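> Sequence and predicted structure below; questions after.
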Amino acid sequence: MAVPVSQMWKVATYVLGQKLRGRKRYPLVLMLEPLFRCNLACAGCGKIQFPADVLRQNMSVEDALRAADECGAPIVSIPGGEPLLHPEIEKIVEGLVERKKYVYLCTNALLLEKHLHRFTPTKHLSFSVHVDGPREEHDEAVCREGVYDVAIAAIEKAIDAGFRVTTNTTLFNTADPDRTRELFDTLMDLGVEGMMVSPGYAYEKAPDQEHFLQRRQTEQLFRRLLNDSKKRWRFNQSPLFPEFLRGNYDLECTPWGSPAYNVFGWQKPCYLVDEGHCETFAELMETTDWSAWGHASGNEKCRDCMVHCGHEPTAVDATFGTLRGFLTTTWLTLFGSRNLPVDESLVPRPTAKIGTTDVQVTLDELAATADVEEPALR
Ligand code: SF4
Ligand code: SF4
(Lines give C-alpha, C1' and ligand atoms only; values in the text may rest on other atoms or scores of the structure.)
(Ligands and ions follow the chains in the order given, each with its own letter.)
Protein backbone atom coordinates (compact mmCIF):
# COMPACT_ATOMS: atom_id res chain seq x y z
CA MET A 1 0.00 0.00 0.00
CA ALA A 2 1.41 3.41 -0.98
CA VAL A 3 0.14 5.28 2.09
CA PRO A 4 -0.36 3.96 5.66
CA VAL A 5 -3.99 3.35 6.62
CA SER A 6 -3.64 5.78 9.55
CA GLN A 7 -2.63 8.56 7.15
CA MET A 8 -5.52 7.81 4.79
CA TRP A 9 -7.89 7.80 7.75
CA LYS A 10 -6.53 11.12 9.02
CA VAL A 11 -6.95 12.76 5.60
CA ALA A 12 -10.41 11.28 5.04
CA THR A 13 -11.75 12.39 8.43
CA TYR A 14 -10.15 15.82 8.02
CA VAL A 15 -11.76 16.38 4.61
CA LEU A 16 -15.15 15.12 5.78
CA GLY A 17 -14.86 17.41 8.82
CA GLN A 18 -14.26 20.40 6.54
CA LYS A 19 -17.24 19.39 4.42
CA LEU A 20 -19.50 19.04 7.46
CA ARG A 21 -18.45 22.51 8.59
CA GLY A 22 -19.41 23.80 5.14
CA ARG A 23 -15.88 25.06 4.33
CA LYS A 24 -15.53 25.66 0.63
CA ARG A 25 -11.79 26.32 0.77
CA TYR A 26 -9.48 24.51 3.14
CA PRO A 27 -5.79 23.56 3.14
CA LEU A 28 -4.77 19.93 2.75
CA VAL A 29 -0.97 20.12 2.45
CA LEU A 30 1.18 22.88 3.92
CA MET A 31 4.15 23.54 1.63
CA LEU A 32 6.72 24.63 4.22
CA GLU A 33 9.89 26.05 2.68
CA PRO A 34 12.33 26.63 5.56
CA LEU A 35 15.10 27.91 3.26
CA PHE A 36 15.81 28.53 -0.41
CA ARG A 37 19.43 27.48 -0.72
CA CYS A 38 20.38 24.19 -2.26
CA ASN A 39 23.43 22.09 -3.04
CA LEU A 40 22.21 21.59 -6.61
CA ALA A 41 21.11 24.00 -9.31
CA CYS A 42 18.65 22.06 -11.46
CA ALA A 43 17.81 23.52 -14.86
CA GLY A 44 14.05 23.48 -14.23
CA CYS A 45 14.16 24.88 -10.67
CA GLY A 46 12.48 28.21 -9.96
CA LYS A 47 13.31 28.33 -6.25
CA ILE A 48 17.00 29.08 -5.91
CA GLN A 49 17.40 32.29 -7.92
CA PHE A 50 17.38 34.61 -4.91
CA PRO A 51 20.23 36.89 -3.89
CA ALA A 52 22.79 35.46 -1.46
CA ASP A 53 21.32 37.25 1.58
CA VAL A 54 17.99 35.48 1.00
CA LEU A 55 19.65 32.13 0.28
CA ARG A 56 21.45 32.36 3.63
CA GLN A 57 18.22 32.73 5.60
CA ASN A 58 16.82 29.86 7.68
CA MET A 59 13.26 29.90 8.92
CA SER A 60 13.17 29.60 12.72
CA VAL A 61 11.68 26.49 14.32
CA GLU A 62 9.09 28.69 16.04
CA ASP A 63 7.99 30.27 12.75
CA ALA A 64 7.71 26.90 11.05
CA LEU A 65 5.58 25.38 13.81
CA ARG A 66 3.43 28.49 14.12
CA ALA A 67 2.70 28.27 10.38
CA ALA A 68 1.69 24.62 10.77
CA ASP A 69 -0.63 25.51 13.67
CA GLU A 70 -2.13 28.49 11.85
CA CYS A 71 -2.85 26.51 8.72
CA GLY A 72 -4.02 23.26 10.33
CA ALA A 73 -3.39 21.05 7.26
CA PRO A 74 -2.89 17.37 8.21
CA ILE A 75 0.04 16.94 5.81
CA VAL A 76 3.19 19.04 5.71
CA SER A 77 5.51 18.87 2.74
CA ILE A 78 8.96 20.38 3.30
CA PRO A 79 10.59 21.35 0.01
CA GLY A 80 13.14 24.12 -0.42
CA GLY A 81 15.92 24.58 -1.36
CA GLU A 82 17.40 21.53 0.24
CA PRO A 83 15.86 21.11 3.71
CA LEU A 84 18.81 19.04 4.99
CA LEU A 85 20.96 22.19 4.75
CA HIS A 86 18.75 23.78 7.44
CA PRO A 87 20.66 23.64 10.75
CA GLU A 88 17.51 22.85 12.77
CA ILE A 89 15.49 20.80 10.33
CA GLU A 90 15.23 17.88 12.76
CA LYS A 91 13.63 20.19 15.36
CA ILE A 92 11.08 21.38 12.82
CA VAL A 93 10.28 17.78 11.90
CA GLU A 94 10.07 16.76 15.58
CA GLY A 95 7.62 19.56 16.32
CA LEU A 96 5.45 18.60 13.36
CA VAL A 97 5.47 14.93 14.32
CA GLU A 98 4.49 15.86 17.89
CA ARG A 99 1.49 17.61 16.33
CA LYS A 100 0.64 14.34 14.52
CA LYS A 101 1.23 15.86 11.11
CA TYR A 102 2.26 13.57 8.27
CA VAL A 103 5.53 15.05 7.05
CA TYR A 104 7.15 14.64 3.64
CA LEU A 105 10.72 15.92 3.75
CA CYS A 106 11.66 16.52 0.10
CA THR A 107 15.35 16.06 -0.57
CA ASN A 108 17.73 15.57 -3.45
CA ALA A 109 19.34 13.00 -1.09
CA LEU A 110 22.92 14.21 -1.53
CA LEU A 111 23.13 14.65 2.24
CA LEU A 112 20.52 12.12 3.28
CA GLU A 113 22.78 9.26 4.33
CA LYS A 114 25.04 11.58 6.31
CA HIS A 115 22.10 13.26 8.06
CA LEU A 116 19.86 10.25 8.75
CA HIS A 117 20.98 10.19 12.39
CA ARG A 118 19.19 13.52 12.93
CA PHE A 119 15.80 11.83 12.52
CA THR A 120 13.82 9.02 14.13
CA PRO A 121 11.79 6.61 12.01
CA THR A 122 8.04 7.08 12.48
CA LYS A 123 4.94 6.60 10.38
CA HIS A 124 4.59 10.41 10.49
CA LEU A 125 7.81 11.05 8.54
CA SER A 126 8.64 10.14 4.96
CA PHE A 127 11.68 11.20 2.99
CA SER A 128 10.49 12.20 -0.47
CA VAL A 129 13.53 11.78 -2.69
CA HIS A 130 13.88 13.73 -5.91
CA VAL A 131 14.50 11.28 -8.80
CA ASP A 132 13.65 12.71 -12.21
CA GLY A 133 14.57 9.69 -14.30
CA PRO A 134 17.02 6.82 -14.72
CA ARG A 135 20.73 7.61 -14.15
CA GLU A 136 21.47 9.56 -17.31
CA GLU A 137 18.21 11.53 -17.37
CA HIS A 138 18.32 12.36 -13.67
CA ASP A 139 21.92 13.59 -13.75
CA GLU A 140 21.00 15.61 -16.84
CA ALA A 141 17.96 17.15 -15.10
CA VAL A 142 19.93 18.11 -11.98
CA CYS A 143 22.89 19.27 -14.09
CA ARG A 144 25.40 17.20 -12.17
CA GLU A 145 26.91 13.81 -12.84
CA GLY A 146 26.78 11.19 -10.11
CA VAL A 147 23.70 12.50 -8.26
CA TYR A 148 21.49 9.56 -9.28
CA ASP A 149 23.84 7.00 -7.75
CA VAL A 150 24.08 8.96 -4.50
CA ALA A 151 20.27 9.26 -4.33
CA ILE A 152 19.71 5.54 -4.95
CA ALA A 153 22.30 4.56 -2.31
CA ALA A 154 20.67 6.98 0.16
CA ILE A 155 17.22 5.53 -0.53
CA GLU A 156 18.53 2.05 0.30
CA LYS A 157 20.16 3.27 3.52
CA ALA A 158 17.04 5.12 4.65
CA ILE A 159 14.80 2.12 3.98
CA ASP A 160 17.26 -0.18 5.80
CA ALA A 161 17.21 2.21 8.75
CA GLY A 162 13.42 1.86 8.98
CA PHE A 163 12.31 5.14 7.42
CA ARG A 164 9.39 5.60 5.06
CA VAL A 165 10.78 6.60 1.67
CA THR A 166 8.80 7.94 -1.26
CA THR A 167 10.05 9.56 -4.45
CA ASN A 168 9.05 12.59 -6.47
CA THR A 169 9.66 12.65 -10.20
CA THR A 170 9.23 15.82 -12.24
CA LEU A 171 8.97 15.32 -15.99
CA PHE A 172 9.87 17.73 -18.79
CA ASN A 173 9.64 17.39 -22.55
CA THR A 174 12.93 15.49 -22.41
CA ALA A 175 11.26 12.52 -20.67
CA ASP A 176 11.42 9.15 -22.38
CA PRO A 177 8.27 7.25 -21.31
CA ASP A 178 9.88 3.82 -21.73
CA ARG A 179 12.94 4.76 -19.68
CA THR A 180 10.68 6.35 -17.04
CA ARG A 181 8.76 3.07 -16.79
CA GLU A 182 12.10 1.34 -16.16
CA LEU A 183 12.72 3.84 -13.37
CA PHE A 184 9.38 2.91 -11.79
CA ASP A 185 10.48 -0.75 -11.78
CA THR A 186 13.81 0.18 -10.21
CA LEU A 187 12.16 2.24 -7.47
CA MET A 188 9.73 -0.58 -6.68
CA ASP A 189 12.63 -3.05 -6.54
CA LEU A 190 14.32 -0.78 -4.00
CA GLY A 191 11.25 -0.95 -1.75
CA VAL A 192 10.12 2.65 -2.15
CA GLU A 193 6.72 3.09 -0.50
CA GLY A 194 5.15 5.16 -3.28
CA MET A 195 6.05 7.39 -6.23
CA MET A 196 4.75 10.86 -6.97
CA VAL A 197 4.99 11.92 -10.61
CA SER A 198 4.20 15.38 -11.92
CA PRO A 199 4.96 17.57 -14.92
CA GLY A 200 7.29 20.48 -14.12
CA TYR A 201 5.96 24.02 -13.76
CA ALA A 202 7.23 26.60 -16.25
CA TYR A 203 8.97 28.82 -13.72
CA GLU A 204 9.80 32.20 -15.21
CA LYS A 205 13.04 32.22 -13.21
CA ALA A 206 14.22 28.73 -14.22
CA PRO A 207 17.45 28.81 -16.26
CA ASP A 208 16.08 26.35 -18.84
CA GLN A 209 12.88 27.65 -20.46
CA GLU A 210 12.84 25.29 -23.45
CA HIS A 211 11.82 22.02 -21.89
CA PHE A 212 8.59 22.65 -20.02
CA LEU A 213 5.60 20.62 -21.17
CA GLN A 214 2.49 22.15 -22.69
CA ARG A 215 -0.86 20.80 -21.56
CA ARG A 216 -1.54 18.56 -24.57
CA GLN A 217 2.01 17.21 -24.45
CA THR A 218 1.59 16.41 -20.76
CA GLU A 219 -1.58 14.46 -21.45
CA GLN A 220 -0.02 12.42 -24.25
CA LEU A 221 3.18 11.79 -22.30
CA PHE A 222 1.25 10.49 -19.31
CA ARG A 223 -0.95 8.32 -21.54
CA ARG A 224 2.17 6.67 -22.97
CA LEU A 225 3.71 6.42 -19.53
CA LEU A 226 0.72 4.96 -17.73
CA ASN A 227 -1.00 2.85 -20.39
CA ASP A 228 -0.46 -0.80 -19.44
CA SER A 229 0.39 0.33 -15.92
CA LYS A 230 2.00 -2.43 -13.89
CA LYS A 231 0.18 -3.66 -10.79
CA ARG A 232 3.41 -3.55 -8.80
CA TRP A 233 3.78 0.23 -9.27
CA ARG A 234 2.61 2.10 -6.20
CA PHE A 235 1.85 5.80 -6.50
CA ASN A 236 1.83 8.18 -3.61
CA GLN A 237 -0.99 10.32 -5.02
CA SER A 238 -4.74 10.19 -5.42
CA PRO A 239 -5.86 7.87 -8.29
CA LEU A 240 -7.73 10.80 -9.87
CA PHE A 241 -4.55 12.87 -10.32
CA PRO A 242 -2.89 10.57 -12.93
CA GLU A 243 -6.23 10.40 -14.74
CA PHE A 244 -6.23 14.19 -14.84
CA LEU A 245 -2.69 14.16 -16.23
CA ARG A 246 -3.85 11.74 -18.95
CA GLY A 247 -6.69 14.09 -19.92
CA ASN A 248 -9.24 11.58 -18.66
CA TYR A 249 -10.68 13.40 -15.63
CA ASP A 250 -11.18 17.13 -15.32
CA LEU A 251 -9.74 18.80 -12.23
CA GLU A 252 -9.52 22.55 -11.68
CA CYS A 253 -6.69 23.88 -9.57
CA THR A 254 -7.36 24.61 -5.89
CA PRO A 255 -4.28 26.66 -4.96
CA TRP A 256 -5.49 27.15 -1.38
CA GLY A 257 -5.25 23.34 -0.96
CA SER A 258 -1.43 23.53 -0.79
CA PRO A 259 -0.61 26.94 0.73
CA ALA A 260 3.09 27.84 0.77
CA TYR A 261 4.90 29.39 3.73
CA ASN A 262 8.51 30.52 3.32
CA VAL A 263 10.97 32.99 4.82
CA PHE A 264 8.93 35.88 3.37
CA GLY A 265 5.58 34.72 4.78
CA TRP A 266 2.50 33.14 3.12
CA GLN A 267 3.06 33.22 -0.63
CA LYS A 268 0.26 34.42 -2.92
CA PRO A 269 -1.41 32.62 -4.65
CA CYS A 270 0.42 29.26 -4.65
CA TYR A 271 3.68 27.41 -4.22
CA LEU A 272 4.64 27.97 -7.87
CA VAL A 273 3.79 31.62 -8.48
CA ASP A 274 5.08 34.48 -6.33
CA GLU A 275 2.72 37.46 -6.36
CA GLY A 276 3.64 38.74 -2.93
CA HIS A 277 3.26 37.52 0.63
CA CYS A 278 0.84 37.78 3.56
CA GLU A 279 1.69 37.83 7.24
CA THR A 280 -0.97 35.38 8.30
CA PHE A 281 -2.71 32.38 6.79
CA ALA A 282 -6.09 34.04 7.41
CA GLU A 283 -4.95 37.07 5.41
CA LEU A 284 -3.84 34.82 2.54
CA MET A 285 -7.22 33.10 2.43
CA GLU A 286 -9.24 36.30 2.75
CA THR A 287 -7.33 38.68 0.49
CA THR A 288 -6.33 36.48 -2.45
CA ASP A 289 -8.57 36.77 -5.50
CA TRP A 290 -8.83 33.03 -6.06
CA SER A 291 -11.01 33.50 -9.16
CA ALA A 292 -7.94 34.90 -10.96
CA TRP A 293 -6.06 31.59 -10.69
CA GLY A 294 -6.36 28.12 -12.17
CA HIS A 295 -6.72 26.99 -15.78
CA ALA A 296 -10.36 28.09 -16.10
CA SER A 297 -9.45 31.65 -15.09
CA GLY A 298 -7.55 32.10 -18.35
CA ASN A 299 -4.54 33.35 -16.39
CA GLU A 300 -1.47 32.92 -18.61
CA LYS A 301 0.60 31.68 -15.63
CA CYS A 302 -1.83 28.77 -15.15
CA ARG A 303 -2.32 27.91 -18.83
CA ASP A 304 -0.14 24.79 -18.95
CA CYS A 305 0.07 24.07 -15.24
CA MET A 306 -0.99 20.55 -14.26
CA VAL A 307 1.33 20.36 -11.28
CA HIS A 308 0.68 18.06 -8.34
CA CYS A 309 0.55 20.74 -5.62
CA GLY A 310 -2.32 22.58 -7.33
CA HIS A 311 -4.39 19.59 -8.39
CA GLU A 312 -3.85 16.81 -5.83
CA PRO A 313 -5.97 18.66 -3.23
CA THR A 314 -8.71 18.95 -5.87
CA ALA A 315 -8.46 15.22 -6.51
CA VAL A 316 -8.77 14.46 -2.79
CA ASP A 317 -11.69 16.87 -2.44
CA ALA A 318 -13.42 15.24 -5.42
CA THR A 319 -12.86 11.77 -3.95
CA PHE A 320 -14.46 12.60 -0.62
CA GLY A 321 -16.82 15.36 -1.71
CA THR A 322 -18.52 14.05 -4.88
CA LEU A 323 -20.21 10.77 -5.74
CA ARG A 324 -18.52 10.69 -9.17
CA GLY A 325 -15.10 11.28 -7.64
CA PHE A 326 -15.65 8.62 -5.00
CA LEU A 327 -16.92 6.02 -7.47
CA THR A 328 -14.14 6.74 -9.98
CA THR A 329 -11.48 6.49 -7.26
CA THR A 330 -12.97 3.21 -6.03
CA TRP A 331 -13.06 1.82 -9.57
CA LEU A 332 -9.45 2.87 -10.28
CA THR A 333 -8.28 1.38 -6.99
CA LEU A 334 -10.00 -1.93 -7.63
CA PHE A 335 -9.50 -2.35 -11.37
CA GLY A 336 -6.79 0.12 -12.42
CA SER A 337 -6.99 2.63 -15.26
CA ARG A 338 -7.88 1.76 -18.83
CA ASN A 339 -5.57 2.37 -21.76
CA LEU A 340 -6.15 5.57 -23.71
CA PRO A 341 -5.26 6.41 -27.33
CA VAL A 342 -1.98 8.29 -27.73
CA ASP A 343 -1.08 10.99 -30.23
CA GLU A 344 2.57 10.00 -30.71
CA SER A 345 3.40 13.29 -32.41
CA LEU A 346 2.96 15.02 -29.04
CA VAL A 347 4.93 12.53 -26.94
CA PRO A 348 8.37 14.00 -26.12
CA ARG A 349 11.34 12.87 -28.17
CA PRO A 350 13.93 11.27 -25.88
CA THR A 351 16.79 12.85 -27.81
CA ALA A 352 16.00 16.32 -26.41
CA LYS A 353 18.61 17.41 -23.86
CA ILE A 354 18.60 19.90 -21.05
CA GLY A 355 21.47 22.41 -21.28
CA THR A 356 23.86 22.72 -18.35
CA THR A 357 26.44 25.41 -19.00
CA ASP A 358 24.70 28.44 -17.49
CA VAL A 359 23.35 26.38 -14.64
CA GLN A 360 26.79 25.23 -13.50
CA VAL A 361 27.74 28.87 -13.06
CA THR A 362 24.78 29.27 -10.74
CA LEU A 363 25.90 26.22 -8.74
CA ASP A 364 29.38 27.64 -8.33
CA GLU A 365 27.93 30.94 -7.16
CA LEU A 366 25.71 29.12 -4.69
CA ALA A 367 28.59 27.10 -3.31
CA ALA A 368 30.56 30.30 -2.77
CA THR A 369 27.79 32.21 -1.04
CA ALA A 370 25.39 29.85 0.62
CA ASP A 371 27.22 27.54 3.01
CA VAL A 372 26.71 24.54 0.77
CA GLU A 373 28.15 21.21 1.83
CA GLU A 374 29.80 19.46 -1.09
CA PRO A 375 28.95 15.76 -1.28
CA ALA A 376 31.50 13.33 -2.66
CA LEU A 377 30.52 12.55 -6.23
CA ARG A 378 32.31 10.64 -8.89
S1 SF4 B 1 17.24 19.87 -5.83
FE2 SF4 B 1 17.04 21.00 -7.74
S3 SF4 B 1 14.81 21.38 -7.93
FE4 SF4 B 1 15.20 20.85 -5.79
S5 SF4 B 1 15.53 22.84 -4.78
FE6 SF4 B 1 17.54 22.05 -5.37
S7 SF4 B 1 17.95 23.01 -7.34
FE8 SF4 B 1 15.75 23.19 -6.96
S1 SF4 C 1 -2.79 26.36 -11.92
FE2 SF4 C 1 -0.67 26.09 -11.18
S3 SF4 C 1 0.25 28.14 -11.28
FE4 SF4 C 1 -1.99 28.40 -11.38
S5 SF4 C 1 -2.64 28.75 -9.27
FE6 SF4 C 1 -2.81 26.55 -9.68
S7 SF4 C 1 -0.87 25.66 -8.97
FE8 SF4 C 1 -0.55 27.89 -9.19
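That came in fine, so what should we check first? Ligands and ions are numbered 1, 2, ... in the order given.
> Residue 332 against residue 244, yeah?
No - using C-beta atoms under 8 Å as the test, residue 332 is too far from residue 244 to be in contact (11.6 Å). In this view, the C-beta of every residue, glycine as well, is placed from N, C-alpha and C.
> Neighbouring strands of the longest strand along the chain in the sheet, and parallel or not?
Across the chain, the strand with the greatest residue count (assigned by DSSP state E) is strand 164-171. Strand 164-171 pairs in its sheet with strand 125-130 (parallel), strand 194-199 (parallel), by DSSP bridges.
> which other residues reach it?
2, 4, 44, 104, 106, 121, 123, 125-133, 141, 155, 158-159, 180, 183, 187, 191-200, 213, 221, 236 (C-beta atoms under 8 Å, 6 or more residues apart in numbering).
> Just the buried ones from those residues, in ChimeraX syntax?
What follows is the ChimeraX syntax selecting those of the contacts of strand 164-171 that are buried according to 16 or more other C-beta atoms under 10 Å:
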select :2,44,104,106,125,126,127,128,129,130,131,132,133,141,155,158,159,180,183,187,192,193,194,195,196,197,198,199,200,213,221,236
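> Close to ligand 1 as well: tell me which of the contacts of strand 164-171 qualify.
residue 130 (C-beta under 6 Å from any ligand atom).
> quick one, which of residue 332 and residue 244 is more surrounded?
Taking neighbours as other C-beta atoms under 10 Å, residue 332 and residue 244 compare with residue 244 leading, 23 against 18.
> so what's the closest residue to the more buried one other than its chain neighbours up against?
Of all residues not flanking residue 244 in the chain, residue 251 sits nearest, at 4.4 Å (C-beta to C-beta, 6 or more residues apart in numbering). By C-beta under 8 Å, 6+ apart, the residues touching residue 251 are 240, 241, 244, 311, 314, 315, 318.
> again, 6 Å this time
By C-beta atoms under 6 Å, 6 or more residues apart in numbering, residue 251 lies in contact with 244, 311, 314, 315.
> got it, and residue 260?
Per C-beta under 6 Å, 6+ apart, neighbours of residue 260: 31, 267, 271.
> how near is it to ligand 1?
14 Å (C-beta to the nearest ligand atom, to the nearest Å).
> can you pull the pLDDT of that residue?
pLDDT for residue 260: 98.
> and it, how far is that from residue 271?
4 Å (C-beta to C-beta, to the nearest Å).
> cool, residue 199 as well?
Taken as C-beta to C-beta, the span from residue 199 to residue 271 is 14 Å.
> okay, the angle between the helix or strand that contains residue 178 and strand 125-130?
Residue 178 is located in helix 177-190, with elements delineated by DSSP states H and E. In terms of direction (axes from the mean of the first three to the mean of the last three C-alpha atoms, to 10 degrees), helix 177-190 departs from strand 125-130 by 150 degrees.
> Okay, buried residues for helix 177-190 please.
Applying 16+ other C-beta under 10 Å to helix 177-190 flags 177, 180, 181, 183, 184, 187 as buried.
> same deal with stretch 244-253?
Buried, per 16+ other C-beta under 10 Å, within stretch 244-253: 244, 245, 246, 247, 248, 249, 251, 253.
> surely the third one meets residue 224?
If I follow you right, that is residue 246. No - at 9.4 Å, residue 246 does not count as touching residue 224 under the criterion of C-beta atoms under 6 Å.
> For ligand 2, what's its nearest residue on the stretch 1-150 of the chain.
residue 31 (10.5 Å; C-beta to the nearest ligand atom).
> got it, and the stretch 101-250 of the chain?
For the stretch 101-250 of the chain, C-beta to the nearest ligand atom, closest residue to ligand 2: residue 201, 6.4 Å.
> which ones are touching that residue?
Taking C-beta under 6 Å, 6+ apart, one finds 272, 305, 307 in contact with residue 201.
> what about 10 Å?
By C-beta atoms under 10 Å, 6 or more residues apart in numbering, the contact list for residue 201 reads 44, 46, 170, 212-213, 270-273, 301-302, 304-310.
> element containing it?
Going by DSSP H and E, residue 201 is not in any helix or strand.
> What of residue 15?
helix 5-20.
> hang on, residue 36 is in a strand, isn't it?
No - assessed with DSSP: H, G, I helix; E, B strand; the rest coil, residue 36 is coil; it does not lie in a strand.
> Count the neighbours of it for me.
With other C-beta under 10 Å as criterion, residue 36 counts 24.
> If we ignore the residues flanking it in sequence, what's nearest it?
Closest to residue 36 by C-beta to C-beta, 6+ apart is residue 81, at 4.6 Å.
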